[in-house]
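S.K.: Make a model of this:
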Amino acid sequence: MEMIYTTTLPNASNTDGGHCHEHCRAILLIFYSMVLLGGTTGTIMMLRIMFKRNSHSMMSTIILNIIVLHAVLLVSLPFRLSYYGLVVWEFGSFTCRVVSSIIYGHMYFTFVFYVAIVVLHLLIYFKKLQMQQLQKYHAVVLSITIWVVGSLIFLPILFLQYGIDPSYSEQQRCFEFYKDLSQREFIIMNYSMIVIMMTTVVTLFLMQVAVIIQLVKAFWPDLWAHQEYRAQIKSFFFLLVIVVCFIPHHAFRVHFIQKYSERENSELVLYNEVCVARTTVCCLDMLCFASGIIH
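M.R.: Purely as a prediction, here's the structure:
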């Protein structure tokens, strides 16, 4: 898991390299407000649709996991909005660590569930798996496995290594954990996650495009009449969400790690914060489904 770091608000010393000036705060407030409003609306609408359909399919169970992840992130956003709006953190250092971690835990857990949806649809397309074979308990086992393995990796970093320096709790500031870049193990974790995500996305994206092209050739012009085509388009949508929301953050991370210094490059910290905020836009995925943008 990658480390978490961000900008310093205007009440910090002018000699500190990570200044989040008024422009930065305005961008972050707009981003998080939009995600909080749209994400909450989409989550509620999608839950109502799922309860009405009362579906017990594997895909529905995975979607429910994603909704839970979105809900956890959305609960944490008022803390961020309060901080960037009031320019002071009043909830304690531990709460700061938890709120900081949620945005990254949400991104990686959501990424894994997105990938699970894409892989399952590809396996069904290539006749490696039959939809009839997928029972609800398969989805439950898969979900529990993802949560347990992810927690075993994520929680030790949160409680034993991440943001434990006493200097982080000074002057009622929060989200200033970028100084951990000086630790070699965190740099290795960052690069590892970048390579894993980039490789996974490129591989699945190429496979998904190839499958859609084959289906277009086979089913044209009545594409939407075929459930197989609709399923692959949904998978492609989740890949697009990864590309739009997660990949820019990881691509920029390479440049950030190489160029960032605690004493300079405050603009890099600002760009990094915007990329971090951009990852939360994936919460709007349920709004796209519930509103009919993606059928």
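S.K.: Name the residue closest to the centre of this protein, please.
M.R.: The residue lying closest to the centre of the chain (C-alpha atoms, centre = their mean) is residue 107, at 2.2 Å.
S.K.: My guess is it contacts residue 279. True?
M.R.: Yes - with contacts defined as C-beta atoms under 8 Å, residue 107 counts as touching residue 279 at a distance of 4.8 Å. (C-beta placed from N, C-alpha, C; glycine too.)
S.K.: Spell out which residues are contacts of both of those two.
M.R.: Here residue 107 and residue 279 have 246, 249 as joint contacts, going by C-beta atoms under 8 Å, 6 or more residues apart in numbering.
S.K.: what's the distance between residue 137 and residue 23?
M.R.: When distances are taken as C-beta to C-beta, to the nearest Å, residue 137 and residue 23 turn out to be 51 Å apart.
S.K.: what about the helices in the stretch 51-200 of the chain?
M.R.: Here the stretch 51-200 of the chain has its helices, by DSSP state H, counting those that start in this stretch, at 58-86, 93-125, 136-156, 184-219.
S.K.: Including mean pLDDT and distance to residue 272, could the ones you listed go into a markdown table?
M.R.: Rendered in a markdown table, the data for the helices of the stretch 51-200 of the chain read as follows (pLDDT from 0 to 100; distance: least, C-beta to C-beta, whole Å):
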| stretch | mean pLDDT | distance to residue 272 |
| --- | --- | --- |
| helix 58-86 | 91 | 15 |
| helix 93-125 | 89 | 12 |
| helix 136-156 | 81 | 20 |
| helix 184-219 | 89 | 12 |
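S.K.: Serialize these to a markdown table and add fields for distance to residue 254.
M.R.: Shown next, in a markdown table, are the helices of the stretch 51-200 of the chain (distance: least, C-beta to C-beta, whole Å):
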| stretch | distance to residue 254 |
| --- | --- |
| helix 58-86 | 25 |
| helix 93-125 | 17 |
| helix 136-156 | 21 |
| helix 184-219 | 6 |
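S.K.: nearest to residue 270, of those?
M.R.: Taking C-beta to C-beta as the measure, the helices of the stretch 51-200 of the chain were each checked against residue 270, and helix 58-86 came out nearest at 12.4 Å.
S.K.: Look up the closest residue to residue 200, ignoring the ones flanking it.
M.R.: residue 115 (6.3 Å; C-beta to C-beta, 6 or more residues apart in numbering).
S.K.: All set, thanks.
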